[in-house]
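Undergrad: Quick one: sequence and predicted model below, then my questions.
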Amino acid sequence: MEKIPSQDVTPNPVGHHTPAGETVSQEMYAKRRHIYVREIKGVFQKLRRSANCLLMLLFFLLPWINLGDRPLILFDLPNREFHIFTATFYPQEFILLSWLLIICAFGLFFITVFAGRVWCGYTCPQSVWTFLFIWLEHRIEGSRNRRIKLDNQPMSADKAWRKGAKHSAWLLIALATGITFVGYFTPIRGLIAELPTLEAHGWSYFWVGFFMVFTYLNAGWLREQVCIYMCPYARFQSVMFDRDTLIVSYDEARGEPRGHRKKSLSHVEARAAGYGDCIDCDLCVQVCPTGIDIRDGLQYECISCAACIDACDSVMDKMGYPRGLVRYTTEKALEGKTTRIMRPRLLGYFAALLMMVGTFAWAINDRMPLNFDAERERTQLYQTTRDGQISNVFSLTIRNLDDQDHSYQLSVSGLPSLTLDSDTINVPAGESRFEAVTVTANPDDIQQPSHPIVFTLQAQQDADIRIERETSFLGDIRR
């Protein structure tokens with residue numbers, strides 16, 4: 001145990017505080033206290049709920065939408081094909097996926113420099129599912145005070161029913177989440193039909209169970225612990241913050257000294273009596289999903305969900321005080337200084353983001369819907385045919401990345417007398433073909449042991465789909 005002198009107040013998850021000047025005992029590894037989040041309405045909560053509903057709708061709906069005979073989005077790992085809308089990507093194009101992830105990372109950095117942890121509060125999957133579980137908790141067990149009272153009661157029929165209904169609802173959502181997630185890797189219509197009959201692949205059961213269990217634990221039990229202790233973003237975000245970053249903050253100059261007062265006391269009268277605008281109602285603490293007191297200043301636990309803003313504004317409205325005691329602002333604005341939106345760090349991230357998005361868009365637009373590999377058969381050097389020609393066998397891999405079937409014309413160049421035993425290859429849309437072709441040449445044209453040659457593959461239906469691959473032709477120069 002270590003003694004820590006408190007500052008203004010020392011918050012705990014249920015909103016009680018220690019007066020300034022006193023010392024409190026804080027355990028290094030304290031047991032987690034359950035946070036009873038109070039439900040609040042307001043502009044920012046409407047915005048957050050709308051974003052959450054849209055994201056969940058997309059997550060649960062996309063695997064069910066088909067494009068032809070396959071899902072709109074399908075990561076087909078056994079066949080090593082990644083279908084995203086009308087495009088099909090292969091492991092050889094992994095650089096594009098890596099580039100997209102880098103773009104997302106820089107986008108997150110840009111948003112963090114500009115507006116703090118708004119990603120966490122509005123769109124992070126952990127927050128989205130946690131808020132959904134909390135919403136169900138409100139519907140089944142009641143308001144914050146009723147939930148506290150219910151947990152303190154001995155077990156009864158009513159308590160058992162409410163707890164059972166809540167956890168059953170959580171498990172059903174967790175199960176749906178697990179099935180939907182696996183549905184991005186296995187066609188979900190077949191998966192739904194096979195799971196109850198025990199005909200699905202063993203790995204499907206494993207991953208459905210895995211994501212079901214961890215969705216239930218993370219959103220139902222761990223909640224803020226994931227945001228505070230497990231998420232690395234909470235730790236390195238401070239590196240990207242500056243005094244011009246938009247944050248959720250309490251206006252201490254306006255709010256202090258805080259204190260309870262009669263509702264009939266006007267704003268002018270409260271000021272004359274020495275009160276700040278904060279009436280110390282603790283509502284901002286009760287609505288916080290991570291259990292912090294925003295009045296203690298900027299804290300890494302804050303996920304910028306703005307629940308405290310809506311809560312404080314509702315109190316200010318009831319008291320007849322101006323809104324904005326807790327608001328989105330910057331440290332400079334709180335000090336009465338001018339906030340700089342266009343600053344070097346933000347502009348740097350924005351320029352890097354634009355450059356990467358532009359490069360990625362160019363790569364996608366310039367992407368050839370064809371992948372072609374040509375490799376000489378390594379088990380033999382060359383052969384001499386009956387008519388005295390020199391032949392090499394090559395293994396060709398043709399992947400049609402287009403959404404329509406193609407017939408490809410194969411040709412080879414590099415030596416005057418090169419000929420192919422096969423020059424037309426048909427490949428259906430989104431599929432691959434493996435072909436072995438024999439290339440022959442006149443020995444009189446061979447002046448060295450290895451000659452560079454070039455295979456050219458041309459789509460007969462589209463002149464723009466054309467790709468070349470260089471390899472080598474081996475021959476015998478001993479004559």
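TA: Received the coordinates, thanks.
Undergrad: quick one, domains of this structure?
TA: Domain ranges of the chain: 43-239, 370-474, per automatic domain parsing.
Undergrad: export those to a markdown table and tack on distance to residue 299, mean neighbour count and mean pLDDT?
TA: (Each C-beta comes from the backbone N, C-alpha and C, glycine too.) As requested, those are exported to a markdown table (distance: least, C-beta to C-beta, whole Å; neighbours: other C-beta atoms under 10 Å; pLDDT from 0 to 100):
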| stretch | distance to residue 299 | mean neighbour count | mean pLDDT |
| --- | --- | --- | --- |
| domain 43-239 | 10 | 16 | 93 |
| domain 370-474 | 48 | 15 | 89 |
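Undergrad: Residue 317: which of those domains is closest?
TA: Minimum separation from residue 317 across the domains of the chain (C-beta to C-beta) falls at domain 43-239, 12.0 Å.
Undergrad: just to revisit the earlier point, quick one: the domains of the chain as TSV, columns for distance to residue 247 too.
TA: Shown next, in TSV, are those (distance: least, C-beta to C-beta, whole Å):
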stretch	distance to residue 247
domain 43-239	5
domain 370-474	45
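Undergrad: Out of those, which gets nearest to residue 265?
TA: domain 43-239 (25.7 Å).
Undergrad: Give the other helices and strands that the host helix or strand of residue 327 contacts.
TA: Under the criterion of DSSP states H and E, residue 327 resides in strand 326-329. If you count contacts as 3 or more C-beta pairs under 8 Å, 6 or more residues apart in numbering; DSSP states H and E, strand 326-329 packs onto strand 247-250, helix 307-319.
Undergrad: okay if I get the ones you listed as a markdown table plus mean pLDDT, mean neighbour count and distance to residue 433?
TA: As requested, these are exported to a markdown table (pLDDT from 0 to 100; neighbours: other C-beta atoms under 10 Å; distance: least, C-beta to C-beta, whole Å):
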| stretch | mean pLDDT | mean neighbour count | distance to residue 433 |
| --- | --- | --- | --- |
| strand 247-250 | 96 | 24 | 56 |
| helix 307-319 | 96 | 21 | 57 |
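Undergrad: nearest to residue 152, of the ones you listed?
TA: Closest to residue 152 of the helices and strands packed on strand 326-329 is helix 307-319 (C-beta to C-beta; 24.0 Å).
Undergrad: Can you give the contact residues for the closest one?
TA: With contacts defined as C-beta atoms under 8 Å, 6 or more residues apart in numbering, helix 307-319 is touched by 38, 40-45, 248, 263, 267, 277, 279, 281, 283-289, 294, 322-328.
Undergrad: just stretch 159-167 next, same as before
TA: By C-beta under 8 Å, 6+ apart, the residues outside stretch 159-167 that reach it are 136, 137, 140, 141, 150, 153, 220.
Undergrad: So which of the residues you listed belong to helices?
TA: Here DSSP state H is the test, and those give 136, 137, 140, 141, 150 as lying in helices.
Undergrad: contacting residues around the last one?
TA: Translated: residue 150. 141, 142, 159, 162.
Undergrad: switch the cut-off to 6 Å
TA: 141, 159 (C-beta atoms under 6 Å, 6 or more residues apart in numbering).
Undergrad: Over to the fourth one?
TA: Going by C-beta under 6 Å, 6+ apart, residue 141 touches 147, 150, 162.
Undergrad: before we move on, back to that, show residues contacting the strand holding residue 327.
TA: So strand 326-329 is in contact with 246, 249, 250, 294, 308, 309, 312, going by C-beta under 6 Å, 6+ apart.
Undergrad: For stretch 271-289, measure first residue to last.
TA: With C-alpha to C-alpha, to the nearest Å as the measure, stretch 271-289 spans 32 Å from end to end.
Undergrad: returning to that earlier point: strand partners (parallel or antiparallel) of the strand holding residue 327?
TA: Under the criterion DSSP bridges, strand 326-329 sits next to strand 247-250 (antiparallel) in its sheet.
Undergrad: which outside residues touch the partner strand?
TA: Against strand 247-250 from outside (C-beta under 6 Å, 6+ apart): 116, 294, 295, 302, 304, 326, 329.
Undergrad: now the contacts of stretch 159-167 in a markdown table, with distance to residue 254?
TA: Below are those laid out as a markdown table (distance: C-beta to C-beta, whole Å):
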| residue | distance to residue 254 |
| --- | --- |
| 136 | 37 |
| 137 | 34 |
| 140 | 39 |
| 141 | 36 |
| 150 | 37 |
| 153 | 41 |
| 220 | 38 |
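Undergrad: Residue 426: which of those is nearest?
TA: Residue 426 lies nearest to residue 220 out of the contacts of stretch 159-167, by C-beta to C-beta, at 53.1 Å.
Undergrad: if I read this right, that closest one contacts residue 170, doesn't it?
TA: Yes. Here residue 220 reaches residue 170: they are 4.7 Å apart, a contact under C-beta atoms under 6 Å.
Undergrad: Now do the shared contacts for these two.
TA: With contacts taken as C-beta under 6 Å, 6+ apart, residue 220 and residue 170 have residue 133 as neighbours in common.
Undergrad: Phi, psi for residue 89 please.
TA: phi -110, psi 150 (degrees, to the nearest 10).
Undergrad: Check which helices and strands the helix or strand hosting residue 214 sits against.
TA: Counting by DSSP H and E, the element that carries residue 214 is helix 202-216. Other elements packing on helix 202-216 under the criterion 3 or more C-beta pairs under 6 Å, 6 or more residues apart in numbering; DSSP states H and E are helix 157-182.
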